[in-house]
Every structure is written in structure tokens, then in C-alpha cells.
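Novice: Provided below are the primary sequence and the corresponding predicted coordinates.
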Amino acid sequence: MKKLGSQTIKFENPPSIIGTATIVGPKEGQGRFKEYYDLILKDSIYQEKSWEKAETKILKEAVEMAIKNSKVPTDKIEYLIAGDLLNQIISAGFAARELGLPFLGIYGACSTIAQGALLGSMIVDGGFAENLVAAVSSHFCTAERQFRFPLELGNQRKPTSQWTVTGAGAMVISSQIQNPRITFATVGKVIDMGEADPNDMGTAMAPAAVDTILRHFQDTGKTPDDYDLILTGDLGSIGKHIAEELLKQKGYDISNKYSDCGVLIFYPEQDVHAGASGCACAAVVTCGYIYKEMLNGKYNRVLLVATGALMSTTSTQQGETIPCIAHAISIENL
Amino acid sequence: MPVLTKEQQDYKRFAKNKKPKPPLLKNMIMAFIVGGIICTIGQIILNFFVSRGLTPGQAGGPTAIIMVFLGSFLTGIGVYDKIGKYAGAGSIVPITGFANSIVSPAMEFKREGFVFGVAAKMFVVAGPVLVYGISSATLIGLIYYLLNM
């Protein structure tokens, strides 16, 4: 059996990440990981006619770049697993139209990269494919107009609000044996702790991250000592603080090896309030900084816990609380 | 609103203390200053029209037109949202803010076409203000009329 406990998978032949690519917008390109991105856009419209077209283009190019970096010929890529934040995941679907790869569209809000990586690893370890791509994108301007207000509206952002990352991240997952490899995956449950404020995702998502982290440790018998770094997706500064404290209450002190992609991407002086968010948030950190530093040997065992808020503008307007999810994948140098 | 379980209520209380408070005092001071400047500009324009022979009642219309133009223009060149970031209610409440709330969605949704984009989305922010503003003004006007009959 490849299953451990109630929610975790132990891959028998851990699939390898053999190539990645990241593309980010100009603001992200001034952030903390600027040396780790493959391409930093000069402007967020990227010579396209709409923000949506620009997002599709960066997703498509990130996939192509990841395939190129993996040195696997494109005709040997068997699936594209991709998602984004827009209604009917149009960025992913439209990018897949250009790419001509067999396509599985997925939605896990900002947790999508972990969802894609874990599904991709299941496909590879299950023997259903040798090489595939997992990719996601998000774009500040497409997300704002779908979820919030027009860009030029003169409103103030709440201190709890987060900034959607403009970018795309893609990884080629393969049965070839090379580091780093995806060894475990914990599929999260949807957790809703009654938060309803769409301008405060960190508080809503933190309990989902905590639930998945606890479940991962219980299912695998691992402890925080088994990891060099535990990285949540986009809890931001408030959610990170809450998650840390909740885990401490449950007897796990992870504070010396815990960070959050949403806290890391931008410098505090970039004025993004509680931090970054969006599908690309966890993706560009994982496919950029984490992947490259694992190749360099700075990190050898990383637990990525990507978080997502599964609400829409309709559910928010109808007064619903926010259901949240977190999926975990262990990425290790074996 | 959905009914929260005890666990959810406990979490809400726990999380509440972790959230940063909005800088209310700073926001109020900024709103006062910027709102005051916008109103002063309006007053200068109104005084100009009065000095050229209009009555203060007549001068209100052209003043509002010019203020709406200024709000729209600053929105169009991408400045009004930057003012709003610091001024908050100070630049939302005056008529220039009302112009901003109509022009910004019109710009944003131009790519969806002039019918279903610009025209349909133009009032997406200002619509509720218009509906309830006009309704309550009508109602109060009616009451006023009946009381004075």
C-alpha cells in the first residue's frame, strides 16, 4: 500500500522534479527572490490586449520553459495539469489550447500548485506517465477585477489584505531518478472556521494549514525535525502567526524552521500589507527559490503546505463563510 | 449569516487579537486634510462663478461639473487611486470620488465591449449609492412636501 494513515501517500518510487520555470511581474521582480526567477516581466500586460491574455501567455511560456529546462522533448510530456484563479480556470484552459498537451484542469485556489504536484506524482508513481507538467498562474490585475474592485478605484486596502502575485510557475515531474523528489503528499480536508472576510484570507486559511500539517505528522510519524523547512503557501504575516501558535498549542514548535511564501515574496517596504497570495505565490517560490536551493543543497527536506480559500464573490455576497484547504508535499533530496 | 459552532466562535475570538488594527487616527487626519483640500478647490471654483455674476445657487451646477471632470480626469491618468490610498474617505466622499467610482469600472471593463463592459459595469460601484441616494431623497422630499402642505 502506498497510503499512510488517513490522508497521506508515500510514493513507492518518488517522482523527481527534473525542471522548473518561473515568470513573475515587475513588482515581484523587485522582491526577495529576484535572482531565482527565470523571467521578470517589464510590465504586467506583457504586450497583450488584456490582463487575462497576459496571464495565459505567462502560464504558457512558463510551461514551455520548464519543459526546455527539463531537457525532455515536448512530445514525451504526457499530461499538463494546470489551474489558476479565474472563473472556469480560463488561463489554464487557454494556455493548454496553445500548448497542445493532454490537459487536466484543476482548481484548488492558491493551493493549486501542491494539488497539481501531488496529482502529478500519483500519476507518475502509478505508472500512468513518465513525464508531465504541473503549472499554475495568477495575475494581480485579473484577480482584482474578478474578486475585488477596478484598479483605478480610489479605495484603501485593509491591513489584513494580501497582494495577488503576478506570475506563473511550472514543474516537470518525471519517473527519471534525480533530486529533488516528491516523497510524500498529504491531501487536505476542507476546513471552515467561520471566517467570512474576503480581505483577510490568512486568518481563514491558517486552520486548514494546521490541520494538514498535523495530519501529515500523524500519518507519517515524522516530526518537524525531519524537515529543514516547513513552508506554507500564502497565509501572510497574520495567518503565519496564527498557524504557528495553533501548532504550538498542539505540541509542535516549528517556529525555527517555518516560513510562508506570502510573507517572503515581497519586502515589507513594498506595501503589500499582510503579504502575498495567489496561485503563483506558492508556485514561484517552490519552482524558483526552493527548487534551486535544493539543487544547491541548501535545503534537503522541505514540506510545502500550499493553502487555498475556496470561496467566490457570489458566496461572499451571500454571506457564506470561507471554506479553506491545504495540501502538503514533501520534497526531498534522497 | 451562517450560525457559527462553538469551535468557530472560539477561533474568531482567538484570531481577533492577532489582526492589526487599521490606523484610524492617521486615516482620519489624512481624510480631513485631503477632503478639506478638495472642498476648498470646489469653493474656489464656486466663488469664481459668483464673482462673474452667478448667484451661489446657480454656481453650484457648473462647480459640480468641473469637480466631476477633475475626478474623472485624475482617474483616467491613474492618479486618483493613489490619492485614495492615502486619503481614504477624504477622497471617496466628495463628488470627485463619485466620479472616480463610475469612471474606474468603465475603464476596467472596456475590454468586455462598450455594451456589456463599459455601459453595464459603469455603475457597479456607484449603483447602490444612486439607488439608495435617489430613493431616500425622494422619500424625504415627499415627507417634506406633505408636512408643508
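Specialist: That came through, no problem.

Novice: only C-alpha atoms for contact and neighbour calcs from this point on.
Specialist: Will do.

Novice: Could you check the pLDDT of B:Met1?
Specialist: pLDDT for B:Met1: 62.

Novice: Wasn't B:Ile45 part of a helix?
Specialist: Yes. Using DSSP: H, G, I helix; E, B strand; the rest coil, the assignment for B:Ile45 is a helix.

Novice: ok, the nearest residue in space to it that is not next to it in sequence - contacts?
Specialist: Leaving aside its sequence neighbours, B:Ile45 sits nearest to B:Thr63 (CA to CA, 6 or more residues apart in numbering or on different chains; 6.1 Å). B:Thr63 is in contact with B:42, B:45-46, counting by CA atoms under 8 Å, 6 or more residues apart in numbering or on different chains.

Novice: Not counting stretch B:23-31 itself, show me its contacts.
Specialist: Applying CA under 8 Å, 6+ apart, the contact partners of stretch B:23-31 are B:86-91.

Novice: quick one: which of those residues sit in helices?
Specialist: Of those, the ones assigned to helices by DSSP state H are B:86-87, B:89-91.

Novice: Nearest spatial neighbour of A:Ile123, chain-adjacent residues omitted?
Specialist: Spatially, and ignoring its direct neighbours in sequence, A:Ile123 is nearest to A:Ala129 (6.2 Å; CA to CA, 6+ apart).

Novice: now the one you found: how far from A:Ala92?
Specialist: According to CA to CA, to the nearest Å, A:Ala129 and A:Ala92 sit 20 Å apart.

Novice: more neighbours, the two?
Specialist: More crowded of A:Ala129 and A:Ala92, by other CA atoms under 10 Å in any protein chain shown: A:Ala92, with 29 against 19.

Novice: That one contacts A:Leu86, correct?
Specialist: No. Contact criterion CA atoms under 8 Å: A:Ala92 and A:Leu86 do not qualify, at 9.1 Å.

Novice: Next, count neighbours for the closest residue to chain B within the stretch 201-334 of chain A.
Specialist: Nearest residue of the stretch 201-334 of chain A to chain B: A:Gly319, at 5.4 Å (CA to the nearest CA). The number of residues packed near A:Gly319 is 13, by other CA under 10 Å.

Novice: isn't it right up against A:Asp197?
Specialist: No. Assessed by CA under 8 Å, A:Gly319 is found out of contact with A:Asp197, at 9.5 Å.

Novice: residues in contact with A:Tyr291?
Specialist: Contacts for A:Tyr291 (CA under 8 Å, 6+ apart) come out as A:20, A:180.

Novice: how about it, secondary structure?
Specialist: Per three-state DSSP, A:Tyr291 ends up helix.

Novice: how close does it sit to B:Ile37?
Specialist: Separation of A:Tyr291 from B:Ile37 (CA to CA) stands at 52 Å.

Novice: Ok, A:Lys158 next?
Specialist: With distances taken as CA to CA, A:Lys158 is found 24 Å from B:Ile37.

Novice: Same question for A:Ala309.
Specialist: As judged by CA to CA, A:Ala309 and B:Ile37 stand 41 Å apart.

Novice: quick one, which of the two is more surrounded?
Specialist: Higher neighbour count among A:Ala309 and B:Ile37: A:Ala309, with 25 against 14, using other CA under 10 Å.
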